[in-house]
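Below is the sequence, then the predicted model.
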Protein chains: 2
Amino acid sequence: MASDGFRPLDEKSLLEYLKATPVLAEKLGNQFEDLQIKEVGDGNLNFVYIVVGRSGSFVIKQALPYIRCIGESWPMTKERAYFEARTLREHRRVCPDQTPEVYHFDRAMCVIGMRYIEPPHIILRKGLIAGKEYPLLAEHMSDFMAKTLFFSSLLYLTTTEHKHAVAEFCGNVELCRLTEQVVFSDPYKVSQYNHWTSPYLDSDAEAVRQDNILKLEVAELKSKFCERTQALIHGDLHTGSIMVTSKSTQVIDPEFSFYGPMGFDVGAFIGNLILAYFAQDGHANEGNDRKEYKLWILKTIEETWNLFHKKFTALWDEHKDGPGEAYLPEIYNNAELHLLAKQKYMEDLFHDSLGFGAAKMIRRIVGVAHVEDFESIAEPEKRANCERQALTFAKLLLKERRRFKSIGEVVSAIQQPKP
Amino acid sequence: MASDGFRPLDEKSLLEYLKATPVLAEKLGNQFEDLQIKEVGDGNLNFVYIVVGRSGSFVIKQALPYIRCIGESWPMTKERAYFEARTLREHRRVCPDQTPEVYHFDRAMCVIGMRYIEPPHIILRKGLIAGKEYPLLAEHMSDFMAKTLFFSSLLYLTTTEHKHAVAEFCGNVELCRLTEQVVFSDPYKVSQYNHWTSPYLDSDAEAVRQDNILKLEVAELKSKFCERTQALIHGDLHTGSIMVTSKSTQVIDPEFSFYGPMGFDVGAFIGNLILAYFAQDGHANEGNDRKEYKLWILKTIEETWNLFHKKFTALWDEHKDGPGEAYLPEIYNNAELHLLAKQKYMEDLFHDSLGFGAAKMIRRIVGVAHVEDFESIAEPEKRANCERQALTFAKLLLKERRRFKSIGEVVSAIQQPKP
Ligand SMILES: Nc1ncnc2c1ncn2[C@@H]1O[C@H](COP(=O)(O)OP(=O)(O)O)[C@@H](O)[C@H]1O
Ligand SMILES: Nc1ncnc2c1ncn2[C@@H]1O[C@H](COP(=O)(O)OP(=O)(O)O)[C@@H](O)[C@H]1O
Ligand SMILES: [Mg+2]
Ligand SMILES: [Mg+2]
Ligand SMILES: [Mg+2]
Ligand SMILES: [Mg+2]
Ligand SMILES: [Mg+2]
C-alpha cells in the first residue's frame, strides 16, 4: 500500500477489502463463500466491480490515478472519486428516485460502494442502439435535471451556501480541465488524440478546424463552462451515464461534477439523444427500418426539454418565497415580472443547452472519445454518412442556436435533409 | 483582547501596537516621541490612522466586526481585511504604479500597514467636486484596470490557477452579499436603509421600484455578479477609492475584491464619473459655470474606455502564446479569428460595464449610501434636479446598454437634455 493509504484493487484484493470493511461485509451478511465479483468497467476512466452475494449486492467503483482507456501515460487525479461520492449523495438527497444510494466511501482508497443497479437495467446508450423505447425516460430525466440544477442554484440557495459549495468544487479542477480539453479544444485543433472515420470525414474534420465562426462560438461556451457557477452540474450527463429499464432511470458517474452552467448538463443529454437519432440509419436493417424509433427519439427530445422547462419553473414558483437570493420576493413577486424573469432565464438556458449539446456532439465525431452509437456501425462508409449528418446538424445548431425559439423548431431542423 | 487575538485600536492603543510590531517600529526609526497619529477614516466601513514620524510614515487600516457608518447594529466580518491585504499585494504585483505598498498585515488584529499616500494626494471624488482636472487619470486608471483584470483572467491564467484563486476569494462572501444587497436589491424595494432627496425624488424612487423592465435587467446583472468568475475585481472601484494628484493615481480599499465580472470595476469607475458630471451644475457658481470641466469629465470617460480597450487587447496580443487557457494559440492564432475574438470579448465587456455602471449610479441616488458629489449640493431642490438627471440617464443606460456601439455614443447620450 502506498504511503497515502491507496492501493489499486483487483478482484482478489477486493475480497480482502470487503472483509475488512464492516458496512460492506454486513451488506453481504458476512458471507464470503460463493461471492461473485466481476469487473465490468466499460467506462473510460475507472474500475467498476459488481459484487453479488447470497444476502446482498453492491457495486464497488475505484478511481486510479490515470485515465483507464488511455493508460498511465495520461495521469488523472484519483480525488475525482471524492467529488463523485459527494455529488451522488447530493443528487440522492434532492432526487432519490433517479440516484443510486452510496453505502460507503473511502477517500484514501478512492473507493465508492453503491447500490448495484441490477438487470434488466442497462446503459441507456445500449438501449438506444438496440432500438428500445423508454416511455418514462423524458419524465425521469427532466425530473433529475430540474431538481439537481434548481436546488443547487441561487434560485434556491443563499449566496453564502452557494459560494461555499462553489469553493469546494473548485477542487475538482483536473476533471474540469479534461472537459475543457476534450470538448472545447482538441476537436478544433490538430491533436494526437483526435480521430474520425477516415478517409471519409477527413475534410469534415479539417473544416471544423478551419471554421472561424464555429470556433468563436465555442470560445463563448468554453468561457461559460469555466466562469459561470450557475449550479452543481453532473458534468458528464451523456447516455452512457444513465441506466434504464422501461420503469426506472438511474443516473451514475458524476465524477466531473462542479459548479458550472446548467446548459452543459441539459445539452449533454439532448445532444447525445440527437447523436442516437443520427446513428439509427446505421442500425436499420430489413427487419426494422428504425423509422418509428427515430420518431420516438425526437419525441423524447421534445418532451425532455418541455417537461424540464415545466418542472424547473414549477420549482421556482414553489420556492419563490424561499431562501434563494437571486430573485428576492419583495422585488420580483408581482405576477407579470415573475413571469418575465422566468421567460428570460429559461430562454438563456435553452440557448446554452443547444450550444453545449452541439459542442458535445461535435467532439464525439472528430475528438478523442467516440460513442458506441456510431462505433457499432461496422461499415465505415455507412458510419461516416451518419456521422456527417450529425456533424452538419451540430455545426448549424452551435452557430444558429439563438435563432431557435422552441424545442419543436430544433426537432424540425433535425429532420431537414442535409445536403 | 478577545480570545481570537482581536482588539479594536484607538489612537492610544495604536501607539503600543506600533512599538510591539518590529516592521512598523523600524519604519519609524524606533522613534515614538513626536509621532503624529490621526484617525481619518472618512470611509464607510473601517478605521484609518495616518501615522507620521520623523523618519517615516504609513497608514494603519483596521476592520472592525461591523459597518462603521451604520454601527454595531450592522455586523460585518472583519476578515475583509485579509482580502483587502491579499488583493492590495496582488494589485501591487501587476500594477505597482497605481497601488500603495503593504508593509504589514496582522490577520488576528485585522490590521493593514501600508504606504501613506501623502498630500497633495486627495480622494478623487473631492477633486471632482472641486472642479480639478487630472490629465493622467484616464491613462492611469485604464492601466490599472487593464492590468489587474487581464492578469487575473483566463486570458492569462491557467484553469488550475484560476479555480484555485476563485475558491480562495469565495471566502469573501459576506462582502459580496453586502454589494448584492445595496447595489442590486435595496434600491428596487422598500428598505429601511434607502433614502433620497425627499420630497423631490419621492416619485422617482417609487418609479424605480415599479419598473419591471429595469428590475429584469438588474436581475441579469446580479446573476453575473454572483456567478461569473471572470477576474479578480476590486469590487468597490468608485471615485472614493482613488487618491490623486496631477501626476499620480493610487487605488486603495479593495476589501470587496473577489472573482467577479470585469464590467463591475470598469462600470464603477465610469458610472461614478458620470455621477460627477451630473453633479457639476450643482457646484456651478458665478466664478465658474463648470461647462469646461464637464467637457473634461466627458473626455476622461471616453479616454478611459478607449485606453482600457487598447491596453487590455494589447496585453492579450502580447500574451496570446502565454499560459492563459481561454484561447489556445493552436486554435485562435490566425489574424482574422484573433481579431474577431477580441471584438466579441470587448463588446460584451463594454455592455457589462455600462450595465453595472448604471446600477451603481442608481443605488447612489435612491439607496443607502450616497455620494458627496450630490450630498455637498446644499440646496435640496438643486440637488434633486442634478440627481434626477443622473437617475434618468442611468435607467436609460441600464435598459438600452446593448444599443451603444461605442463610448462616444454614450458620451453623446449623457449630453442629451433630459425631459
Ligand atoms: N451502480 C451501478 N450498478 C450497475 N452497474 C454499474 C453501476 N455503476 C457503474 N456500472 C457499470 O459500470 C460501467 C462504468 O461505470 P461508470 O460509472 O460510467 O465508470 P466510468 O467513470 O469509468 O465511466 C457502467 O457503464 C455500468 O455498466
Ligand atoms: N494609504 C492611504 N494613504 C492616505 N490616506 C488613506 C490611505 N488609505 C486610506 N486613506 C484615507 O482614509 C479614507 C478611508 O479609507 P478607505 O480605505 O476608503 O476606508 P473604507 O474601507 O472605510 O472606505 C480614505 O478616503 C482616505 O482619505
Ligand atoms: Mg461513465
Ligand atoms: Mg466517469
Ligand atoms: Mg426567492
Ligand atoms: Mg473607501
Ligand atoms: Mg472600503
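Ah, there it is. Ligands and ions are numbered 1, 2, ... in the order given.

residue ranges of the helices in the stretch 101-250 of chain A, please?
Per DSSP state H, counting those that start in this stretch, the stretch 101-250 of chain A carries helices over the ranges A:124-130, A:137-150, A:159-170, A:173-179, A:202-210, A:212-227.

For the fifth one, buried residues please.
Which is helix A:202-210. Buried positions in helix A:202-210, judged by neighbour count with 16 or more other Cβ atoms under 10 Å in any protein chain shown: A:Asp204, A:Ala205, A:Val208, A:Arg209. No exception for glycine: its C-beta is placed from N, CA and C like everyone else's.

re earlier: out of the helices of the stretch 101-250 of chain A, which is closest to A:Asp10?
Smallest distance to A:Asp10 across these (Cβ to Cβ): 24.6 Å, for helix A:173-179.

Name the residues that touch the closest one?
Helix A:173-179 is contacted from outside by A:67, A:76-77, A:79-80, A:83, A:225-226, A:235-236, A:255-256, A:258, A:260, B:159-160, B:163-164, B:325, using Cβ atoms under 8 Å, 6 or more residues apart in numbering or on different chains.

Which PyMOL command selects the buried ones in those residues?
Here is the PyMOL selection string for the buried members of the contacts of helix A:173-179, based on 16+ other Cβ under 10 Å:
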select buried, (chain A and resi 67+76+77+79+80+83+225+226+235+236+255+256+258+260) or (chain B and resi 159+163+325)
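
The contacts of helix A:173-179: which ones sit near ligand 6?
Among the contacts of helix A:173-179, proximity to ligand 6 is found for none (Cβ under 5 Å from the ion).

so of the helices of the stretch 101-250 of chain A, which one's packed in deepest?
Mean neighbours per residue, mean count of other Cβ atoms under 10 Å in any protein chain shown, is largest over these for helix A:137-150, with a mean of 24.

Is there any residue in the helix or strand hosting A:Asn272 that contacts ligand 3?
Using DSSP states H and E, A:Asn272 maps to helix A:262-283. No. Judged by Cβ under 5 Å from the ion, helix A:262-283 stays clear of ligand 3, getting no closer than 11.9 Å.

Which stretches in the stretch 301-419 of chain A count as helices?
Using DSSP H, counting those that start in this stretch, the helices of the stretch 301-419 of chain A run over residues A:329-332, A:335-366, A:372-375, A:380-400, A:407-415.

The buried residues of helix A:202-210 into a markdown table, with extra columns for distance to B:Leu349?
A markdown table is the format used below for these (distance: Cβ to Cβ, whole Å):
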| residue | distance to B:Leu349 |
| --- | --- |
| A:Asp204 | 34 |
| A:Ala205 | 33 |
| A:Val208 | 28 |
| A:Arg209 | 28 |
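
Would you pull up the residue in chain A closest to ligand 6?
A:Thr159 (22.0 Å; Cβ to the ion).

Chain neighbours aside, what residue packs nearest to A:Ile50?
Excluding its sequence neighbours, the residue lying closest to A:Ile50 (Cβ to Cβ, 6 or more residues apart in numbering or on different chains) is A:Lys38, at 5.0 Å.

out of the helices of the stretch 301-419 of chain A, nearest to B:Ser241?
Among these, helix A:329-332 comes nearest to B:Ser241, with 27.4 Å by Cβ to Cβ.

Please name the nearest non-neighbouring residue to A:Gly260.
Once flanking residues are discounted, A:Gly260 sits nearest to A:Ile233: 4.6 Å by Cβ to Cβ, 6+ apart.

ok now do the one you found, which residues does it touch?
Shown in contact with A:Ile233 (Cβ under 8 Å, 6+ apart): A:Leu149, A:Ser257, A:Phe258, A:Tyr259, A:Gly260, A:Pro261, A:Met262, A:Phe264, A:Asp265.

Ligand 1 versus that one, what's the distance?
According to Cβ to the nearest ligand atom, to the nearest Å, A:Ile233 and ligand 1 sit 16 Å apart.

Over to the residue in the stretch 251-400 of chain A that ligand 3 sits nearest to: give its phi and psi.
Nearest to ligand 3 in the stretch 251-400 of chain A, going by Cβ to the ion, is A:Asp253, at a distance of 4.0 Å. Backbone torsions for A:Asp253, taken as degrees, to the nearest 10, come to phi 70, psi 50.

which ones are touching the nearest residue in space to it that is not next to it in sequence?
In this structure, A:Asp253 finds its nearest non-sequential neighbour in A:Ser241, 4.4 Å apart by Cβ to Cβ, 6+ apart. Going by Cβ under 8 Å, 6+ apart, A:Ser241 touches A:His234, A:Val251, A:Ile252, A:Asp253, A:Pro254.

picking up where we left off before, indicate which one of the helices of the stretch 301-419 of chain A is closest to B:Lys294.
Between B:Lys294 and these, the shortest gap by Cβ to Cβ is with helix A:329-332, which sits at 34.1 Å.

Identify all contacting residues around that closest one.
Contact with helix A:329-332 is made by A:Lys320, A:Asp321, A:His338, A:Ala341, B:Ser185, B:Tyr188, B:Lys189, B:Val190, B:Lys215, B:Ala219, as judged by Cβ under 8 Å, 6+ apart.

Understood, closing this out.
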